[in-house]
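# give me the fold of what follows.
(chains A, B, C and D)
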2 protein chains.
Amino acid sequence: MITEGKFSKGTPCKECPLRPLPLFRSFEAEEIAFVSRFKIGELVFDSNAMILAEGEESEHLFTVLSGWGFRYKMLDDGRRQIMNYVMPGDIVGLQGTLMGEMQHSIESLSPVVLCVFQRSKLAELYRCHPELAYDLTWIAAREERMLDENLLSIGRRSALERAAYLIAFLYQRAASLELFRSGWSVIPITQQHVADTLGLSLVHTNKTLKKLAARGLLRWAEKGCDVHDIDGLLAVAGWDGLCEPKRPLI
Amino acid sequence: MITEGKFSKGTPCKECPLRPLPLFRSFEAEEIAFVSRFKIGELVFDSNAMILAEGEESEHLFTVLSGWGFRYKMLDDGRRQIMNYVMPGDIVGLQGTLMGEMQHSIESLSPVVLCVFQRSKLAELYRCHPELAYDLTWIAAREERMLDENLLSIGRRSALERAAYLIAFLYQRAASLELFRSGWSVIPITQQHVADTLGLSLVHTNKTLKKLAARGLLRWAEKGCDVHDIDGLLAVAGWDGLCEPKRPLI
DNA sequence: CGTCCAATTGACGAGACTCAAGCCAGGTGG
DNA sequence: CCACCTGGCTTGAGTCTCGTCAATTGGACG
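Residues are numbered from 1 along each chain as shown, chains lettered A, B, ... in the order given. Next comes the predicted model:
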């Protein structure tokens, strides 16, 4: 379960596989040059590894280069709530970097590669690269927006709507990152993850997902959820779908 | 219900009544001078006024100078979820400023005064005042942290725990702003607000609050919730309480 | 004195939880 | 190669939390 990440030098930012995606805004050569100096290497994790733990003081700031993970908190008695999922391009450890101690944990759902940034250079980023500083705030505001949607879902949607919303949400985020190019559109989570995201029990989550499957909207596959009918899911959730403008990337 | 705010010139930032509070970090004269130029006036709202509406393009950025409000989203059929509450020192409209359209609405719970900032000067803030830019990111991260706690609560705590958590949370935030100096510690919300925050029905919320009242932890007063035993509430919620370091203020 | 809003209360049903088994695939060790 | 184990999915039964409906109270206000 808990694995230390392996450190390596990694790819230079100039050749970053994410930047060319249409999802991300374009970058000045100067910005990329700074980010290159900001980045001190990469960390590689297996599936089901603890990437960051609540209470930890994260020395660094990270960007997800590849893979899936999830961000969660736990109560003392073991109840777990998943707050959000992390995917390529997402920033990880910002809270810890800004405010000291991490208030949540992050685990991987698949092999994950993180870009590691030097915390001490953060001040330089704010001083010398206001556009990137702005981007950091923007990314924090984006996370807030996702949390708002999630909260709306858990607080006010029925179990069926919630489940449909979650799967549609994850599908759309992954699709916009072109993670499904291989033909398969499988989201690498277990039903326990779904339950802990939706605030439901595992048993009831299972029965709810069955209903969505019975309508032909999805199928539970070997290693996750296979989406069959994204429009159907959106309709059940009563959700317009993700509408993301071009995103920055640190 | 819906009221247009009234605009006025307002107090100069040098004499801001919030800054001297021990809760906020100290500021350089230069920073205050910039913020003074950044601020273009004040907006005053009555109780129960719509401060910002979902879908609106907010022309400006705001800081709450005084009063209480709440931030919420609605589903098409009228179900409402309150995401968080806004209190003095909180920034309002950042999402709208950064990303265009507002994705949530804000209403006042009491008379509210907002400081109005010129959106067009935001770039200058990032260019010339990296510490303030950093503060903006910090504040966004703080909001995220509150949302995380809230999500944990709604997803995984029982109705009684949730209610205790919410009241304790609001009480502590208000106390740290010294809003209760007058002797009264009344949180100006209705049970409908509590219900819409906790994701419960009004009836069940009422019964839950009665249980807390029966234990002597609070009392429902004329115009809100009167906290009697904050430690008792924290204990029921299984929560350590707010632990906030010195905060920035824009 | 009526009206309105918020709080309250009781009755009843639906949705969600817990408990308890069973199933199936993949991995491991003999 | 097979027996065993484990993790994740499935299912049924019984219980309880929580939602809905409906009616009432009580204070504030005109």
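
# okay but A:Gly155 is in contact with B:Gly199, surely?
Yes - with contact taken as Cβ atoms under 8 Å, A:Gly155 and B:Gly199 are classed as touching, separated by 3.3 Å. C-betas here are computed from N, CA, C, even on glycine.

# residues contacting the residue nearest to A:Ile250 when sequence neighbours are not counted?
Taking Cβ to Cβ, 6 or more residues apart in numbering or on different chains, and ignoring the residues beside it in sequence, A:Ile250 has A:Thr63 as its nearest neighbour in space, at 5.6 Å. Applying Cβ atoms under 8 Å, 6 or more residues apart in numbering or on different chains to A:Thr63 gives the contacts A:Gly89, A:Asp90, A:Ile91, A:Val92, A:Leu114, A:Cys115, A:Phe117, A:Leu249, A:Ile250.

# got a list of what A:Leu21 touches?
A:Leu21 sits next to A:Leu177, A:Glu178 when contact means Cβ under 8 Å, 6+ apart.

# over to stretch A:106-119 now: how far is its first residue from its last?
Taking Cα to Cα, to the nearest Å, stretch A:106-119 runs 19 Å from one end to the other.

# could you give the mean pLDDT of that stretch?
When the per-residue pLDDT values of stretch A:106-119 are averaged, the result is 96.

# that one near DNA strand D at all?
No - Stretch A:106-119 lies apart from DNA strand D when judged by Cβ under 7 Å from any atom of the strand; the minimum separation is 10.3 Å.

# which residues do A:Gly155 and B:Gly199 both contact?
With contacts taken as Cβ under 8 Å, 6+ apart, the residues that reach both A:Gly155 and B:Gly199 are B:Gln81, B:Ile154.

# which of these two has more neighbours?
For A:Gly155 against B:Gly199, the residue with the higher neighbour count under other Cβ atoms under 10 Å in any protein chain shown is A:Gly155, and the figures read 26 against 23.

# show me how chain A divides into domains.
Structural domains annotated on chain A: A:6-129, A:149-237, as defined by automatic domain parsing.

# on that earlier part again, tell me which of the contacts of A:Thr63 fall in strands.
Among these, the members falling in strands are A:Ile91, A:Val92, A:Leu114, A:Cys115, A:Phe117 (criterion: DSSP state E).

# wait, the last one sits on A:Gly41?
By that I understand A:Phe117. No - A:Phe117 sits out of contact with A:Gly41 when judged by Cβ under 8 Å, with a separation of 9.5 Å.

# the two: who's more crowded?
A count of neighbours by other Cβ under 10 Å puts A:Phe117 above the other of A:Phe117 and A:Gly41, at 23 against 14.

# mind checking the SS state of the residue lying closest to that one once chain neighbours are set aside?
Distances taken as Cβ to Cβ, 6+ apart place A:Leu61 nearest to A:Phe117, at 4.4 Å, with adjacent residues excluded. Secondary structure of A:Leu61, reduced to three states by DSSP: H, G, I helix; E, B strand; the rest coil: strand.

# skipping its backbone neighbours, what lies nearest the residue positioned nearest the centre of chain A in space?
Using Cα atoms, centre = their mean, the residue of chain A that lies closest to the mean C-alpha position is A:Val86, 1.3 Å off. If you skip the residues right next to it in sequence, A:Val86 has A:Gly69 as its closest partner in space, 4.4 Å away by Cβ to Cβ, 6+ apart.

# A:Ala53 against A:Gln103, yeah?
No - in this structure, A:Ala53 sits apart from A:Gln103 without contact. The criterion is Cβ under 8 Å, and the distance is 10.9 Å.

# name the helix or strand for the residue nearest to A:Leu166 when sequence neighbours are not counted, please.
Computed as Cβ to Cβ, 6+ apart, the closest residue to A:Leu166 that is not its neighbour in sequence is A:Thr197, at 5.8 Å. Here A:Thr197, judged by DSSP states H and E, is contained in helix A:191-198.

# pull out the buried residues from the helix or strand that comes right after that helix.
Reading on from helix A:191-198 to the C-terminus, the next helix or strand found by DSSP H and E is helix A:202-214. Of the residues in helix A:202-214, those buried by neighbour count under the rule 16 or more other Cβ atoms under 10 Å in any protein chain shown are A:Thr205, A:Thr208, A:Leu209, A:Leu212.
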